[in-house]
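1. Show me the folded form of this:
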Amino acid sequence: MTLLLTNAGVLIALFVAMWLVTLKTRDVTPVDSLWAIGMVVMAGSTWLQTEGDPQRKTLLLGLCAVWGLRLGGYLFWRWRQHGADRRYEKMFAHAREKRGWGFGLASLLMVYAMQAPLLFIVCLPVQLGQVDAAPGVGTLGCVGAALATAGILFESIGDWQLARFRSDPANKDKVLDSGLWRYTRHPNYFGDACTWWGLYLIAAESGTGLWALPGPILLTWTLIKWSGVPTTEGRMKRKKPGYETYVRRTSGFLPWFPKA
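-> Presented below is the predicted three-dimensional model:
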């Protein structure tokens, strides 16, 4: 409990600092980068506070850092390239019209106060998995490390393919349906899920780490049912004329061969 309370305090301080910065910039889009970087901070804070199995601690922190720094850096680059996320602009406009909230209150309650607890729960594997001194990393941990590594690679390749596709002006109104995007409409989300289920398997070899199960379950649910797939596909159907056809032939989440 002391560990979790300390980490919660660190996370709150991190999010409040970012909120104060965005009060001046009037743009909360960098919170997407903070989502990934914040999990690395939680893993690092836990590593400093615990005396668990050194191999498991290093494995959890290392994989989380590779995943989080890569994703956080990519999302930050995307923000610098494309500017503010229109999702947030629409959200704040609605809050202003319907509730009379200004930017400060709307961003605090609708973005930071919602994302901080979700982040804390999702990254439970890299917190609880570092607590126990025994047992050491075994077969389940090795399987988890392989799954997490595969997830990081899958997501990284998917993001790289999408960035390269978007960089060509000729593809402005086209749908990316090659590479990993030929087999799943959301290789980035699938890679995310694999990474965190892999981290959970590493943590689950320890007794305390077993209790981190809500983390990957919550992440998978948000990706498939809430802020991931539904939000992205709703926007793509409005913007891309050929997206409906792409949906009919391409798997929604799990990679699979496209339909004829």
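
2. contacts for the helix or strand of the chain with the lowest mean pLDDT?
-> Ranked by mean pLDDT, DSSP states H and E, the weakest helix or strand in the chain is helix 86-99, scoring a mean of 84. Identification of contacts with helix 86-99 by Cβ atoms under 8 Å, 6 or more residues apart in numbering yields 27, 28, 29, 101, 102, 103, 106, 107, 110, 111, 231, 235. Bear in mind the C-beta positions are built from the backbone N, C-alpha and C, glycine included.

3. can you rerun that using 10 Å?
-> 22, 26-29, 31-32, 85, 101-103, 105-107, 109-111, 227, 231-232, 235 (Cβ atoms under 10 Å, 6 or more residues apart in numbering).

4. Isn't residue 36 up against residue 152?
-> No: the criterion here is Cβ atoms under 10 Å, and residue 36 misses it with residue 152 at 11.6 Å.

5. Run through the strands of the stretch 1-150 of the chain in chain order.
-> Counting by DSSP state E, counting those that start in this stretch, the stretch 1-150 of the chain forms no strands at all.

6. Show me where it has its helices.
-> Along the stretch 1-150 of the chain, counting by DSSP state H, counting those that start in this stretch, helices occupy 2-25, 31-49, 54-82, 86-99, 103-107, 113-122, 124-128, 139-166.

7. want to throw the ones you listed into a markdown table with distance to residue 183?
-> Shown next, in a markdown table, are the helices of the stretch 1-150 of the chain (distance: least, Cβ to Cβ, whole Å):
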| stretch | distance to residue 183 |
| --- | --- |
| helix 2-25 | 35 |
| helix 31-49 | 24 |
| helix 54-82 | 21 |
| helix 86-99 | 26 |
| helix 103-107 | 37 |
| helix 113-122 | 25 |
| helix 124-128 | 27 |
| helix 139-166 | 10 |
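
8. Just give me the neighbour total for residue 8.
-> Per other Cβ atoms under 10 Å, the neighbour tally for residue 8 reads 14.

9. My guess is it contacts residue 124. True?
-> No: with contact defined as Cβ under 10 Å, residue 8 does not count as touching residue 124 (11.8 Å).

10. what sits in contact with each of those two?
-> Residues touching both residue 8 and residue 124 (Cβ under 10 Å, 6+ apart) are residue 42.

11. Got a quick ChimeraX command for the buried subset of the contacts of helix 86-99?
-> Only the buried entries of these go into this ChimeraX selection, using 16 or more other Cβ atoms under 10 Å:
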select :22,27,28,29,31,32,85,101,106,107,110,111,232
